[in-house]
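Enquirer: Return a 3D structure for these sequence lines:
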Amino acid sequence: MKRKLVLPSHYHLAAGALCSIATLLIGFSACAQNLLINGDFEFPLGTNWTVVYGTDNTSAPPYQAYGGPGDFAIADRTTFASRSAGGMGAHLRSNNDGQMHAYFKQAVSGLTPGANYTLSGWMKYYQAGFKLNHKVRIYFEAVGGLGTNSTIDISANDDPDNQTNLVYHQYFVTNTADAGGRIEVRLHLDKIEETICCDKQYIFNGLWDDMVLTLTP
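Expert: Presented below is the predicted three-dimensional model:
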């Protein structure tokens, strides 16, 4: 269960010292500030994370648009999506055999234009009883000065027995802040073709937790 602890001031001082030691030992700050709001999804999504439906923004123009709110059984945070018991994670679940696309997004502003930022997060795909369908992509991206090409896509990492993506794995991407000092984080489920409707093979889950955006050391 994810918990937030309030510690006395001397503990914060000790923690700061430990962070400094860790930085010296491993070469980067292990305690960098997370620039995302509610990156662990423990609070209602509200205005920090919003859902966008229907636009396939990863293909070349003209962009395709397919799907909408009615094509998703879940587009919210759930306990099922959490990495730890009692917590919450972000969850997109399809509910029919058609094409559909949706993503959670959060725009981070006030960054240094041109500076490098690293987006890390835990992600998995779940479709009970079947391996990952090549017609479905589960991914996240950091959209900034380098455009939309800073992307991690787990559909390319599937194994024949569908074991790899049943558990969370951590992934990393980097991008620069754009000229306005902004990076937008997006968490996608993209079903690019129709899928077989029998035996609920069309129910695909994209799951994310503990997203962190930090200035790259």
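Enquirer: and the closest residue to Arg182 other than its chain neighbours, what does it touch?
Expert: Spatial nearest neighbour of Arg182, chain neighbours left out: Ser109 (4.9 Å); criterion: Cβ to Cβ, 6 or more residues apart in numbering. Placement of C-beta: from N, CA and C, glycine included. Residues near Ser109 by Cβ atoms under 8 Å, 6 or more residues apart in numbering: 180-182.
Enquirer: Check these for burial and list the buried ones.
Expert: Among those, those scoring as buried are 181-182 (criterion: 16 or more other Cβ atoms under 10 Å).
Enquirer: how about Gly70, secondary structure?
Expert: helix (DSSP: H, G, I helix; E, B strand; the rest coil).
Enquirer: what separates it from Tyr53, distance-wise?
Expert: Here the criterion is Cβ to Cβ, to the nearest Å. By it, Gly70 lies 9 Å from Tyr53.
Enquirer: higher neighbour count, these two?
Expert: Of the pair Gly70 and Tyr53, Tyr53 is the one with more neighbours under other Cβ atoms under 10 Å, namely 17 against 10.
Enquirer: from what I can see the more buried one touches Pro69, true?
Expert: Yes: shown here, Tyr53 and Pro69 form a contact pair, counting by Cβ atoms under 8 Å, at 5.7 Å.
Enquirer: what's the next secondary structure element after the lowest-mean-pLDDT helix or strand in the chain?
Expert: Within the chain, confidence by mean pLDDT, DSSP states H and E is lowest for helix 9-26 among all helices and strands, at a mean of 41. Downstream of helix 9-26, the first helix or strand assigned by DSSP states H and E is strand 50-53.
Enquirer: quick one: low-confidence parts of this structure?
Expert: Scanning the chain for pLDDT under 70 picks out the ranges 1-31, 56-65, 128-134, 147-166, 195-201.
Enquirer: which SSE is Ala102 in?
Expert: Secondary structure (DSSP H and E) places Ala102 in strand 100-108.
Enquirer: ok so, going back, identify the contacts common to Tyr53 and Pro69.
Expert: Taking Cβ under 8 Å, 6+ apart as the contact rule, Tyr53 and Pro69 both touch Ala75.
Enquirer: quick one: secondary structure of Leu213?
Expert: strand.
Enquirer: and stretch 45-56, which residues are buried?
Expert: 45, 49, 51, 53-56.
Enquirer: All set now, cheers.
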